[in-house]
Structure formats: C-alpha cells, structure tokens
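Peer 1: Please work out how this folds:
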Amino acid sequence: MNATEPTTTVHVEMPDSSRTPVQVWRAGEDGQGSGRDKPLVMVWPGFGMGGYYFRPIAAELAARGFPVAVGELRGQGQSSARATRTTTWGYHDLASEDFPRQVRAAKQELGLPVDHPMIFLAHSMGGQISCLFAAREDTRDLNLRGIFGVGSGSPYRPRFDPQMGRRLGMGALFLGRVGGHGLGYWPGKILGRDFLGYGRQAGAHMREWLRFHKRNSLDDLTGQDIDYVAALSRLELPVLFTRFTNDRDCPTASSEALAEFLHNADVRFEDLPGELGHNRWAREPVIVADRFVSFAGVLD
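Peer 2: Presented below is the predicted three-dimensional model:
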C-alpha cells in the first residue's frame with residue numbers, strides 16, 4: 001500500500017443519484033488512531049481538481065494525529081456526476097447538499113459523532129464553497145470550527161495583475177459565456193483536447209462563476225434557499241487565508257475580495273514561506289501542514 005493512500009473510501013450518494021467518493025484517513029502513522037482528541041480535517045479541492053491530488057497533504061496530517069477526509073466537488077475527480085444541458089448544479093447545491101453529505105459520511109466512517117469538531121482545509125474554489133457552507137444555519141450541527149484556505153479567494157478580475165486578468169477573462173469567455181450561457185454546460189474537451197484544463201463543468205455553476213468574476217457577486221445563486229450574502233456577513237468564524245508568494249492564481253487581493261463578504265468573521269491573511277505556487281503544496285505538504293497544526297492549536 002502506498003504511504004499516501006487512504007485508509008478507506010466511502011461512496012456517497014448525492015440528490016441527483018450521482019456518487020461521490022470521500023477518501024478517509026484514520027489518525028496516526030499506522031492509521032489505527034481514533035482521532036477523537038483532534039478535529040476532523042476536511043480537505044476540499046479547487047476548481048477542476050480531483051481529490052486524489054490532495055492525498056499527500058491528507059496523509060501528512062493523518063500522520064500528525066488528525067482524522068482526515070478528502071471530499072470531491074461534484075463532477076470533478078472521481079465524482080460520477082456529468083454536467084449536461086439538463087443536468088446542472090451551482091454553488092448553492094455544493095454548499096447545501098454535497099458538502100454536508102460528505103462530512104456526515106466521513107464522520108460516520110471514522111466513528112465520530114455528528115457534532116465532532118472539524119476544520120476545513122480548502123483550496124481555491126473549495127474555499128469559496130466552504131464559506132457558503134459555514135454561513136448556513138442548517139450546517140451548524142456539524143460543528144465547523146474554522147476555515148484554513150490555501151490559494152483561496154475571489155475570481156474578481158480587478159484584483160489580479162493585467163496578465164492574469166486577461167487569462168481569467170479568457171476563462172470567463174469560454175467557461176461562462178460559451179459554456180454557461182451558450183451550450184448550457186462546459187464540455188471540457190474540444191476536439192479531444194481540454195485546452196482550459198478545468199474539465200467538464202455545470203452550466204449554472206459557470207454562470208455564477210462568471211458573475212463572481214465580473215462583479216465579485218454571490219447574489220441570487222441558482223436554487224438558493226437563503227440570502228447567502230446576508231448570511232456570510234453574519235458569520236463569526238476564524239478564517240485564515242494563506243498563499244505562497246509565487247501563486248499568481250491567488251494574489252492577496254483576491255483573498256481580500258472573498259473576505260469582503262465576511263464582515264464579522266475573524267479573518268487573517270498570511271504568505272507562507274517557499275515557492276510552491278497554487279497547487280504543488282498539496283504534493284509537498286510539510287509547510288502547509290506545519291501552519292495548519294498551529295492554526296488548529298489556536299482553535300482548541
């Protein structure tokens with residue numbers, strides 16, 4: 001067995017009958033610990049990334065005594081969901097359905113009570129959805145104690161340098177306008193090539209992402225049952241936005257744009273030492289793991 005492989009994988013059924021794998025690591029280097037004395041770490045991938053990519057950071061934290069689970073964004077990685085013109089989902093579905101179901105499944109598999117404390121380690125878009133999840137009253141019983149973001153922020157174009165702004169604008173053109181508004185979904189591969197690198201994506205989600213990109217807006221999410229902007233403004237939770245200094249996909253200004261929704265949260269920003277960019281830290285996890293352990297210790 002590879003040292004980074006999960007202890008087990010739980011397949012969670014979603015409301016659309018698709019199935020999402022949740023990879024679970026028991027606490028301790030031998031995977032035999034109960035982890036009851038530490039919070040569950042839920043790792044959430046970024047846009048277009050599969051949960052398997054985050055195995056090294058999950059295994060590192062498990063070796064340090066945390067029970068850990070890596071979730072999946074619907075339609076990404078090993079999720080069986082497939083976006084089409086008629087099958088779609090958005091930020092609200094992920095925050096209100098997918099995240100709670102995966103959390104509950106992970107806790108059940110680990111033998112932890114529903115209200116066992118947990119911390120989200122969220123990458124990129126995973127951090128956006130984590131904030132929406134945390135803002136919901138009906139998720140409070142799951143006992144989220146804090147959000148530790150890595151390279152997580154808003155895609156709001158004015159917060160990026162001109163070169164990255166143009167790149168984001170190109171993504172917005174294809175993902176949002178062509179995919180979200182034109183085709184009704186983004187097919188991922190065009191003529192056999194995924195030239196954007198984000199895979200197949202749901203139309204509703206891409207339309208919302210386009211609006212987020214243009215106006216830094218999370219208003220009127222598809223199917224929403226609460227006013228998320230108002231709920232985010234009331235959220236009281238420790239949130240640490242970290243990034244590596246060479247991460248051009250998430251400048252500090254991008255994290256600050258996301259934090260503008262969190263009026264009452266204890267929000268902090270921090271540059272991490274090293275040059276592991278937007279993604280590589282998940283494969284070379286020591287720096288992030290060290291800082292996460294300190295963050296978790298403050299929450300005890």
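
Peer 1: Nearest the geometric middle of the protein, what residue?
Peer 2: In the chain, the residue lying closest to the centroid (C-alpha atoms, centre = their mean) is G126, at 1.4 Å.

Peer 1: That one touches Q76, doesn't it?
Peer 2: No: judged on C-beta atoms under 8 Å, G126 makes no contact with Q76 at a distance of 10.2 Å. Just so you know, the C-beta spots here come from the backbone N, C-alpha and C atoms, and that holds for glycine as well.

Peer 1: residues shared between the contacts of those two?
Peer 2: P45 (C-beta atoms under 8 Å, 6 or more residues apart in numbering).

Peer 1: And the helices in the stretch 101-250 of the chain, which stretches?
Peer 2: For the stretch 101-250 of the chain, the helices defined by DSSP state H, counting those that start in this stretch cover 125-135, 162-171, 203-215, 228-234.

Peer 1: residue furthest from the geometric center of this structure?
Peer 2: Distance-from-mean max, the chain, by C-alpha atoms, centre = their mean: L191 at 29.4 Å.

Peer 1: pLDDT score assigned to that residue?
Peer 2: In the predicted model, L191 carries a pLDDT score of 85.

Peer 1: Now do it against G182, distance only.
Peer 2: Separation of L191 from G182 (C-beta to C-beta, to the nearest Å) stands at 17 Å.

Peer 1: do the same with T9
Peer 2: 36 Å.

Peer 1: Would you convert the helices of the stretch 101-250 of the chain into CSV that also reports mean pLDDT and distance to W89?
Peer 2: Converted to CSV, these look like this (pLDDT from 0 to 100; distance: least, C-beta to C-beta, whole Å):
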stretch, mean pLDDT, distance to W89
helix 125-135, 99, 11
helix 162-171, 93, 19
helix 203-215, 98, 6
helix 228-234, 98, 15
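
Peer 1: out of T9 and G182, which sits in the busier spot?
Peer 2: T9 (15 against 12; other C-beta atoms under 10 Å).

Peer 1: quick one, phi psi at the more buried one?
Peer 2: Main-chain torsions, T9, degrees, to the nearest 10: phi -130, psi 130.

Peer 1: ok, now which ones touch it?
Peer 2: Contacts of T9 (C-beta under 8 Å, 6+ apart): 21-24.

Peer 1: which stretches of the stretch 51-200 of the chain have low pLDDT?
Peer 2: For the stretch 51-200 of the chain, no stretch has pLDDT under 70.

Peer 1: What segments of it are strands?
Peer 2: Remark: strands assigned in the stretch 51-200 of the chain by DSSP state E, counting those that start in this stretch are 68-70, 118-123, 144-150, 185-186.
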